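In: would you be able to build a 3D model of this:
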Amino acid sequence: MKPEFIRFFGNLSEFATNASLGPVKPNLWEIHYVNQITPGKLWKNPSDWHRVLPTLFPSVDPSVEGIRFVTYSGEWHFEIEPQRGRIHVKVAKMVLNQEVIPVLYLSLLARGEIGERGVSDLEAGLELGHSSCVRLFMALTSPEAHAEWGLKT
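Out: Okay, here's the model as predicted:
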């Protein structure tokens, strides 16, 4: 989608210039990855999520007699060092588009500044966000998940 985004951004910049609005000068970059992991070999219930995301979820079912555990959800926040941006990770059980089968929703949203306190330009920010999200995704997800998805580690 990056080439399409760059094309649309170029069109916006051209429109702003032609409309005498001045140049478009981004001061922030942002990239968002959304993953929907369906139940199957890796997980059947949220208590299995440690098989997908072992660094975020415990491998112990927290149910106790008469109280059945149903689901987890949470947010984690990471800094792209040194203060070049942040990645916000969200995980939840979701039912999408009114489907019967819920999915494990994993979102990675990276953003940071452009200019003196950040990267040099929009392209550099998008690349930093992309590479940081990919590295974090690979670190958070299990080798078992990588094998199931056919990912090279």
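In: in the top helix by length along the chain, which residues are buried?
Out: Longest helix of the chain, by residue count under DSSP state H: helix 122-140. Residues of helix 122-140 classed as buried under the neighbour-count rule (16 or more other CB atoms under 10 Å) are 122, 125-126, 128-129, 132-133, 136-137, 140. All C-beta atoms are positioned from the backbone trio N, CA, C, and that covers glycine.
In: Ser142 against Leu56, yeah?
Out: No: with contact defined as CB atoms under 8 Å, Ser142 does not reach Leu56; the gap is 10.5 Å.
In: ok, back up a step: next structured bit after the longest helix of the chain?
Out: With elements assigned by DSSP states H and E, the helix or strand that comes after helix 122-140 is helix 143-149.
In: against which helices or strands is that following helix packed?
Out: Here helix 143-149 touches no other helix or strand, going by 3 or more CB pairs under 8 Å, 6 or more residues apart in numbering; DSSP states H and E.
In: show me how far that helix is from its chain's centre.
Out: A distance of 18 Å separates the C-alpha centroid of helix 143-149 from that of its chain, computed with CA atoms, centre = their mean, to the nearest Å.
In: helix, strand or coil for the residue positioned nearest the centre of the chain?
Out: The central residue of the chain, meaning the one whose C-alpha is nearest the mean C-alpha position (CA atoms, centre = their mean), is Leu108 at 1.4 Å. What DSSP: H, G, I helix; E, B strand; the rest coil gives for Leu108 is strand.
In: how close does it get to Pro62?
Out: From Leu108 across to Pro62, the span is 25 Å (CB to CB, to the nearest Å).
In: any idea of the pLDDT on the residue sitting furthest away from the middle of the chain?
Out: Relative to the average C-alpha location in the chain, and by CA atoms, centre = their mean, no residue lies farther out than Ser20, which sits at 36.6 Å. At Ser20, the pLDDT value in this model is 92.
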